[in-house]
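Asker: build me a structure from this.
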Amino acid sequence: MRDEFFLETIYSDEYLVAVNKPAHLPTLIDGYNKDAPYLVGWLQRDWGRVWIVHRLDKDTSGVVLFARSVDVHRALNIAFETRRVSKVYHAIVIGVPEWNELGIELPLKADGDRRHRTVIDRVEGKLALTRCRVLEKFTHHALIEAKPETGRTHQIRAHLASIGFPIAGDELYGGARVIVGAVIDRSALHARSIMIEHPITKLSLQIDASYPIDFESALNLLRK
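Answerer: Have a look, this model is predicted:
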């Protein structure tokens, strides 16, 4: 696993550990291939037992936070459930928005169609809000900052696709791989930062994850 993936620890203390997850690495063990590498397995080799607080899709890169004790895990779960955690994602989308800031408030239903996608459902869907801001505009793409106020499955992917700006490379939600070919071969979504109150010290803590090489390379190409 270490030969295939480079995993950067971006924060650690005796209570928490956070890493910059590479794309293509699942958070949990693959039920169909138990020998395949996964994030929790890698962490526990170095840090001992860790507890999952949240997770990222396999193809999404960026910051993932873990608890190092049952008590800290419980405290962080409460923080997530009561929306006292702020997460920021960056996405390269297909299309150039006319707006600079936008709140997308559309109800979402997970596993809502035959392709097991999260869909807009005004009857059975759950409240979902994503605040978006355009960071850079290119000829046919844009770099978007997305802040999910709720934590629905595939929320950012479904919301951006629903307003006509699917994430580049996210074929499940209509983001055809038209961006840069071999430079980035997955959904161009990166968990940029997470902000929480430390469960023990009570100090404000912001953990940032730098762009991986493929994401940075794609942006550099678009800027040209």
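
Asker: rest of the way, CA atoms for contacts and neighbours
Answerer: Fine.

Asker: which residue packs closest to residue 129, ignoring adjacent ones?
Answerer: Spatially, and ignoring its direct neighbours in sequence, residue 129 is nearest to residue 105 (4.4 Å; C-alpha to C-alpha, 6 or more residues apart in numbering).

Asker: contacting residues for residue 131?
Answerer: Taking C-alpha atoms under 8 Å, 6 or more residues apart in numbering as the definition of contact, the neighbours of residue 131 are 101-104, 146-149.

Asker: out of those residues, which are buried?
Answerer: A residue is treated as buried here by neighbour count (16 or more other C-alpha atoms under 10 Å); on that basis the buried members of the contacts of residue 131 are 104, 146-149.

Asker: so which of these sit within helices?
Answerer: Counting by DSSP state H, none of the members of the buried ones among the contacts of residue 131 fall within helices.

Asker: of the residues you listed, closest to residue 24?
Answerer: The nearest member of these to residue 24, counting by C-alpha to C-alpha, is residue 146 at 21.0 Å.

Asker: confirm for me that the closest one is in contact with residue 90.
Answerer: Yes - Residue 146 sits in contact with residue 90 when judged by C-alpha atoms under 8 Å, with a separation of 6.2 Å.

Asker: for the chain, name the helix or strand with the lowest mean pLDDT.
Answerer: Within the chain, judged by mean pLDDT, DSSP states H and E, the helix or strand with the poorest mean is helix 39-47; its value is a mean of 89.

Asker: following that helix, which helix or strand shows up next?
Answerer: strand 51-52 (DSSP states H and E).

Asker: show me what the helix or strand just after that next one is packed up against.
Answerer: Per DSSP H and E, strand 51-52 leads on to strand 61-67 as the next helix or strand towards the C-terminus. With contacts defined as 3 or more C-alpha pairs under 8 Å, 6 or more residues apart in numbering; DSSP states H and E, the packing partners of strand 61-67 are strand 16-21, strand 51-52, helix 70-81, strand 189-197.

Asker: now these in CSV, with distance to residue 155 and mean neighbour count?
Answerer: Putting these into CSV (distance: least, C-alpha to C-alpha, whole Å; neighbours: other C-alpha atoms under 10 Å) gives the following:
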stretch, distance to residue 155, mean neighbour count
strand 16-21, 19, 23
strand 51-52, 19, 17
helix 70-81, 15, 16
strand 189-197, 12, 21
